[in-house]
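> Structure of the sequence below:
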Amino acid sequence: MERQQILERLKALIHERFGVDPAGLTGATTQAEIGIDSLLLVDMMLDVETELGFTFATMDLPRNPDLDTIVALVEQNMAQPRQG
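Numbering: from 1, shown residues only. The predicted structure is shown next:
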């Protein structure tokens, strides 16, 4: 899956879960700008795992990540062999 496809899927998930207009989201949009706390972010990351069919090696996220950072983490983890 390409970087832009992952970003678009993240935008769609944010819209579905939090009602944020995806047209206003860019790769530089941060967690704080979306208006979600770290628990909601982790919950959304679990949805990303399920939807894209991979498992994060760790849920260690930087403080207030932007969407480009999340996309990079998704790409990195999708490149890893599946466990279990």
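> now the strands: where do they sit in this structure?
Using DSSP state E, no strands are assigned anywhere in the chain.
> From the contact counts, what lies against the helix or strand of it with the lowest mean pLDDT?
Ranked by mean pLDDT, DSSP states H and E, the weakest helix or strand in the chain is helix 38-52, scoring a mean of 92. Applying 3 or more CB pairs under 8 Å, 6 or more residues apart in numbering; DSSP states H and E, one finds that helix 38-52 contacts helix 3-18, helix 67-78. From N, CA and C alone the C-beta is placed, and that goes for glycine too.
> Just name the most buried of those helices.
Looking across these with neighbours counted as mean count of other CB atoms under 10 Å, the highest average goes to helix 67-78: a mean of 18.
> between it and helix 38-52, what angle do the directions make?
Here helix 67-78 points in a direction 50 degrees away from that of helix 38-52 (axes from the mean of the first three to the mean of the last three CA atoms, to 10 degrees).
> Other residues contacting helix 67-78?
Helix 67-78 is touched from outside by 1, 3, 6-7, 10-11, 25-29, 45, 48, 52, 54-57, 61-62, 65, with contacts defined as CB atoms under 8 Å, 6 or more residues apart in numbering.
> Out of the residues you listed, which end up buried?
6-7, 10-11, 25, 27, 29, 45, 48, 54, 56, 61, 65 (16 or more other CB atoms under 10 Å).
> between the helices and strands packed on helix 38-52, which gets nearest to Ile36?
Set against Ile36 and scored by CB to CB, those come closest in helix 3-18, at 6.2 Å.
> between the closest one and helix 67-78, how big is the angle?
Here the directions of helix 3-18 and helix 67-78 differ by 110 degrees (the same axes, to 10 degrees).
> So which other helices or strands are in contact with helix 3-18?
On the basis of 3+ CB pairs under 8 Å, 6+ apart, helix 3-18 makes packing contacts with helix 38-52, helix 67-78.
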